[in-house]
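Engineer: Output the structure for:
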Amino acid sequence: MSFPFQKHREEIAATLAYSLATGLADPAFPELGPAYNDITRFIMREQGRMMDFLRPPMALASLGFDQIGWFAIGDAFHRAAPERREILIKAWKASPLGVQRDFIRFYESLTALALHSRHLDCETAPREESSPVGGIISGPPEKIRCDTLIIGSGPGGSITGCLLAEAGREVIMLEEGPYLALESCEPFSRQEMEQKYRGGGLTVAMGKTKIAYVEGRCVGGGSEINSGLYHRTPPGILETWRKDFQVQGIEDKDLLPHFEACENDVSVSKLPGAAPAASLKLHNGALKLGWKSQEVPRWFRYESGANKEQRGSRQSMTRTFVPRFLNAGGKLVPHTRALSIRQEGDRWLVRAQHGSEKILEFSAQNLFVCAGAVQTPALLRRSGITTNIGNHLRLHPTAKLVAQFPEAVNAADMGVPVHQVKEFSPRLSFGCSISSPSYLALGLLDHPAAARAVPKTWTHQANYYAMITGGGHGTVRPLPGFKDPLVRYKLEPQDLTDLADGLHKLAEMMFASGAEKVFPGVAGVPVLNNLDDLAKLPRQLPHGQASLITIHLFSSCPMGEDRTKCAVDSFGRVHGVKNLYVADASLLCTAPGVNPQGSIMALARRNALHFLKKD
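Structural biologist: Next comes the predicted model:
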């Protein structure tokens with residue numbers, strides 16, 4: 001979608017990028033200095049990718065910000081002197097109006113990410129994958145028939161498609177995004193945001209306190225962009241699902257063979273050597289306080305390198321189930337977005353868009369919707385299937401801080417930290433997250449002096465998180481005239497109290513492990529230098545002041561036999577509808593309190609085998 005005054009908006013973006021990058025850059029590092037044309041290009045590309053219903057407000061906010069300069073600093077922002085621009089930026093950043101704070105944070109975040117990712121080649125288009133056995137349909141005909149159609153290629157869709165194809169079924173899998181190699185870009189980088197994330201990573205659950213979330217938009221879905229940490233569903237959570245949602249067939253004895261099979265298929269294992277130093281800091285801090293900490297296994301395969309070092313590679317869907325699906329005769333159609341579904345006789349007709357224009361129609365006997373906790377309910381509701389669909393979204397709200405240590409704890413090849421603290425689970429969980437310089441700069445935006453110092457200090461710093469199960473809930477709704485659905489989420493007061501308690505306990509762990517400074521990701525909270533400073537943390541996070549995120553979304557089409565609250569039955573079939581199934585994170589009845597991919601994979605395998613047996 002193009003907007004009026006496009007050139008004017010580019011001038012505003014360029015001026016903001018220059019002003020913000022100048023404030024974030026350390027003059028001692030010339031590679032971070034101007035010109036900032038690359039940052040401006042990145043910001044404009046990201047604006048073009050963001051949720052489409054947010055693009056017009058962002059365009060208007062940019063123009064309004066520029067013109068308010070006449071009243072606040074005596075000239076339009078993009079023409080004002082640098083020192084006058086800084087006045088307006090600071091005023092909006094500290095504004096009582098959330099829309100003004102969000103506007104500056106949007107530009108500030110993208111600028112920080114791009115500035116500290118300059119060492120990567122982010123301008124080169126990725127090369128798409130091809131299968132040596134065929135099966136990838138790059139130029140599909142307008143009408144296609146098959147026995148089974150699967151929408152979405154994440155863990156739920158890939159496992160379902162693989163098992164059905166290996167059982168001899170004729171299966172076609174649609175994926176909205178491209179088919180890219182796992183190695184097409186640096187993991188957790190600006191490149192990856194542009195290549196593999198929906199909306200360029202600019203997806204957000206709206207509410208009094210907004211929560212940024214991420215979705216994969218590529219073959220393999222979320223498995224291509226997550227950290228690969230693996231948990232089985234906790235027994236207490238399964239018991240809640242059995243009692244409160246009347247889910248059948250999820251006793252330990254029922255799920256154990258599915259967990260074990262999936263763990264073997266994706267090589268779930270622990271590290272063959274020592275954990276990263278930043279990960280051990282969390283672990284040791286917890287142990288000093290007498291709290292339970294554990295190394296979480298990952299779906300990684302390890303091989304010895306030339307110097308006998310153990311090199312690990314993440315076993316995502318493009319490394320495991322997608323190749324198996326293609327080898328078994330399955331057909332994959334990337335770059336194809338399902339627009340709507342409808343039942344005609346005993347078949348399902350799916351209207352889809354291939355690329356930017358071509359409209360396709362698929363006809364299938366059986367239809368599996370596996371597009372994720374946001375896109376699955378959005379598609380079903382667009383198609384008139386609404387009973388208990390998209391009404392019960394749950395997620396894991398997460399707050400972060402940056403800890404700084406006197407010794408080095410970080411390195412370019414650190415990889416994913418593996419320890420989690422479960423002393424207060426399921427209410428609270430703690431972990432260490434990606435700590436590249438760009439992600440550290442993002443985590444330090446509420447501490448400008450520390451953000452500028454990242455090129456000097458990053459090897460002594462790491463990002464840590466406090467995650468809650470929470471009692472809030474949200475909705476997913478398609479919007480007329482827009483492609484992207486509206487996601488809303490309401491945090492309960494107890495959620496804000498739990499998040500504050502989580503940050504307090506997390507900071508306590510950091511000091512116990514030897515941190516010399518802790519930088520909370522909450523606006524207005526100063527740097528913490530010792531245990532006494534913990535009193536500066538709020539007892540309840542104020543709405544709109546904390547930078548909350550989540551990477552786990554689920555429960556938007558909960559499974560079970562209680563039709564007053566469940567969208568699908570215990571094995572994924574949509575209640576009251578023939579031959580229509582859901583197989584993704586939407587099925588999980590509540591927030592599991594752990595990384596959900598193990599649950600998604602086991603349920604997908606269980607349900608696919610049940611389908612084959614019953615059909």
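Engineer: Tell me the buried residues in stretch 242-258?
Structural biologist: Neighbour counts using 16 or more other C-beta atoms under 10 Å place 242, 245-247, 250, 255, 258 of stretch 242-258 among the buried residues. C-beta here means a position set from N, CA and C on the backbone, and glycine is covered the same way.
Engineer: Same check on stretch 74-86?
Structural biologist: Going by 16+ other C-beta under 10 Å, stretch 74-86 has these buried residues: 76-78, 80, 85-86.
Engineer: Not counting its own residues, what contacts it?
Structural biologist: 8, 11-12, 14-16, 19, 22-23, 65-70, 73, 88 (C-beta atoms under 8 Å, 6 or more residues apart in numbering).
Engineer: change it to 6 Å
Structural biologist: Outside stretch 74-86, the residues that touch it by C-beta atoms under 6 Å, 6 or more residues apart in numbering are 11-12, 15, 19, 66, 69, 73, 88.
Engineer: hmm, back to that, now the buried residues of stretch 242-258 as a markdown table including secondary structure?
Structural biologist: Output for the buried residues of stretch 242-258, formatted as a markdown table (DSSP: H, G, I helix; E, B strand; the rest coil):
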| residue | secondary structure |
| --- | --- |
| Arg242 | helix |
| Phe245 | helix |
| Gln246 | coil |
| Val247 | coil |
| Ile250 | coil |
| Leu255 | helix |
| His258 | helix |
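Engineer: Am I right that Ile73 is in contact with Ala91?
Structural biologist: No. At 9.0 Å, Ile73 does not count as touching Ala91 under the criterion of C-beta atoms under 6 Å.
Engineer: picking that back up, and which of the buried residues of stretch 242-258 is nearest Met193?
Structural biologist: Distance to Met193, by C-beta to C-beta, is smallest for His258 among those, at 32.7 Å.
Engineer: Might one say that the closest one is in contact with Asn607?
Structural biologist: No. Using C-beta under 6 Å, His258 makes no contact with Asn607, being 9.4 Å away.
Engineer: In the stretch 51-200 of the chain, where is pLDDT below threshold?
Structural biologist: Filtered on pLDDT under 70, the stretch 51-200 of the chain yields the residue ranges 121-125.
Engineer: same deal with the chain?
Structural biologist: Checking the chain against pLDDT under 70 turns up 1-4, 121-125, 304-310, 615.
Engineer: host element of the closest residue in space to Met206 that isn't next to it in sequence?
Structural biologist: The shortest distance from Met206 to any non-neighbouring residue, by C-beta to C-beta, 6 or more residues apart in numbering, is to Arg488 (5.1 Å). Assigned by DSSP states H and E, Arg488 belongs to strand 486-490.
Engineer: and that strand, what other elements does it pack with?
Structural biologist: With contacts taken as 3 or more C-beta pairs under 6 Å, 6 or more residues apart in numbering; DSSP states H and E, strand 486-490 sits against strand 473-477.
Engineer: Could I get the buried residue list for the strand it packs on?
Structural biologist: Buried residues in strand 473-477 (16+ other C-beta under 10 Å): 473-476.
Engineer: Likewise for stretch 493-511?
Structural biologist: 495-496, 498-511.
Engineer: Now do the SS call for Tyr464.
Structural biologist: Under three-state DSSP, Tyr464 comes out as strand.
Engineer: Isn't it up against Cys432?
Structural biologist: Yes. Look at Tyr464 against Cys432 with C-beta under 6 Å: they come within range, at 5.3 Å.
Engineer: So for those two, which residues contact both of them?
Structural biologist: Common neighbours of Tyr464 and Cys432 (C-beta under 6 Å, 6+ apart) do not exist.
Engineer: So of the buried residues of stretch 242-258, which two are at opposite extremes in space?
Structural biologist: Most distant of the buried residues of stretch 242-258, by C-beta to C-beta, are Gln246 and His258, 20.0 Å apart.
Engineer: picking up where we left off before, go through the contacts of stretch 74-86 and name the one nearest His419.
Structural biologist: Looking across the contacts of stretch 74-86 and measuring by C-beta to C-beta, the closest to His419 is Ser19, at 39.2 Å.
Engineer: mind listing the strands for the stretch 401-550 of the chain?
Structural biologist: 419-421, 428-432, 461-468, 473-477, 486-490, 517-520, 548-550 (DSSP state E, counting those that start in this stretch).
Engineer: then the third one to PDB, C-alphas only?
Structural biologist: This means strand 461-468. Below are the C-alpha coordinates for strand 461-468, written out as PDB (Å, rounded to 0.1, in the frame of the first residue of the first chain):
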ATOM      1  CA  GLN A 461      26.600  -8.000  29.400                       C
ATOM      2  CA  ALA A 462      23.700 -10.400  28.800                       C
ATOM      3  CA  ASN A 463      19.900 -10.200  28.400                       C
ATOM      4  CA  TYR A 464      17.800 -12.000  31.000                       C
ATOM      5  CA  TYR A 465      14.000 -12.500  31.200                       C
ATOM      6  CA  ALA A 466      11.200 -13.100  33.700                       C
ATOM      7  CA  MET A 467       8.300 -14.900  32.100                       C
ATOM      8  CA  ILE A 468       4.900 -15.400  33.700                       C
END
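Engineer: Ile211 and Gln100, how far apart?
Structural biologist: 19 Å (C-beta to C-beta, to the nearest Å).
Engineer: Report the contact partners of the closest residue to Arg605 other than its chain neighbours.
Structural biologist: In space, and not counting its chain neighbours, Arg605 is closest to His258: 4.6 Å by C-beta to C-beta, 6+ apart. The contact partners of His258, by C-beta under 6 Å, 6+ apart, come to 602, 605-606.
Engineer: Lys490 too?
Structural biologist: 207, 472.
Engineer: partner residues bridging it?
Structural biologist: Counting by DSSP bridges, Lys490 is bridged to His473.
Engineer: Quick check: it vs Gly98, distance?
Structural biologist: 15 Å.
Engineer: Over to Gly330?
Structural biologist: Counting by C-beta to C-beta, the gap from Gly330 to Gly98 is 46 Å.
Engineer: Look at those two and report which has more neighbours.
Structural biologist: Gly330 (26 against 15; other C-beta atoms under 10 Å).
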